[in-house]
Every structure is written in C-alpha cells, then in structure tokens.
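[1] A predicted structure for the sequence below; I have some questions about it.
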Amino acid sequence: MSVPKSITMGGVRVRIRFRDLGDDDCYGVYSHRRKLIEIDKSLKGKDLIETIRHEMVHAALGISGLAYCEAYEEEAIVRCMDEIFFPAWERFTKRFSNG
C-alpha cells in the first residue's frame, strides 16, 4: 500500500508528506499557505487513512475559502464537500488502493 505524493482538490495540487510530528496528539496537519498535508510517519492502517481524510477536509475548506469565514452556512459546507472534498477523496482512495 502506498500513499500518493499529492492529490488535486478543486483544481489545486496538495502535496502529502510524511515526517515525525513529535506530538502524541498531532497525527497530521494541513498548511494552506504551502498547500501541504503532513502526516506523522508512524501512522498505519485505519489511523493513516482517517488522518489523511481529516486533513483533506481541512484542505477542502481552505481551498473553498470557507475556513476563513466567521460563520458557516450549511449549504456552503455541503457544496464544498460535494464539489471539492468527495471527488478528491474518491481519486485518493482509487490511487491508494492501486498502489
């Protein structure tokens, strides 16, 4: 099983990198400025997949601009997930399972 080095979300390439995050409470982090998801290199299996999915949601919200709103409209979040997150997640899972 290999994780893709990047995923395209809403037309934006987001890199995925592994490193020692050095914190038991931090499995992953997304940097919108750097368009980068960093995952703790110790993660495997279900924890790895769930953490990547979690950070991809952060990326989808950042790319859509919703992460910077003071208040969220439910329909805007649903549309973000429909148009940005779910298509990217489907591509990621196909690439992950084929790797």
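    Received, thanks.
[2] gap between stretch 3-16 and the chain center?
    Distance of stretch 3-16 from the chain centroid (Cα atoms, centre = their mean, to the nearest Å) equals 8 Å.
[3] name the residues of the one helix or strand Ala88 maps to that are buried.
    Following DSSP states H and E, one finds Ala88 within helix 86-98. Under the neighbour-count criterion of 16 or more other Cβ atoms under 10 Å, helix 86-98 has Ala88, Trp89, Phe92, Phe96 buried. No exception for glycine: its C-beta is placed from N, CA and C like everyone else's.
[4] look up the closest residue to the third one, ignoring the ones flanking it.
    This means Phe92. Using Cβ to Cβ, 6 or more residues apart in numbering and skipping residues adjacent in sequence, the residue nearest Phe92 is Ile7, 5.1 Å away.
[5] neighbours around the one you found, how many?
    The burial metric for Ile7, expressed as a neighbour count using other Cβ atoms under 10 Å, is 21.
[6] that one contacts Lys35, doesn't it?
    No. Ile7 lies out of contact with Lys35 (Cβ atoms under 8 Å); the separation is 10.4 Å.
[7] give me the common contacts of these two.
    Counting by Cβ atoms under 8 Å, 6 or more residues apart in numbering, the shared contacts of Ile7 and Lys35 are Arg13, Val14.
[8] if we can go back for a sec, list just the nearest of the buried residues of helix 86-98 to Leu61.
    Closest approach to Leu61 among those (Cβ to Cβ): Ala88, at 12.2 Å.
[9] skipping adjacent residues, who's closest to that closest one in space?
    Leaving out its chain neighbours, the residue that sits closest to Ala88 by Cβ to Cβ, 6+ apart is Met9, at 4.1 Å.
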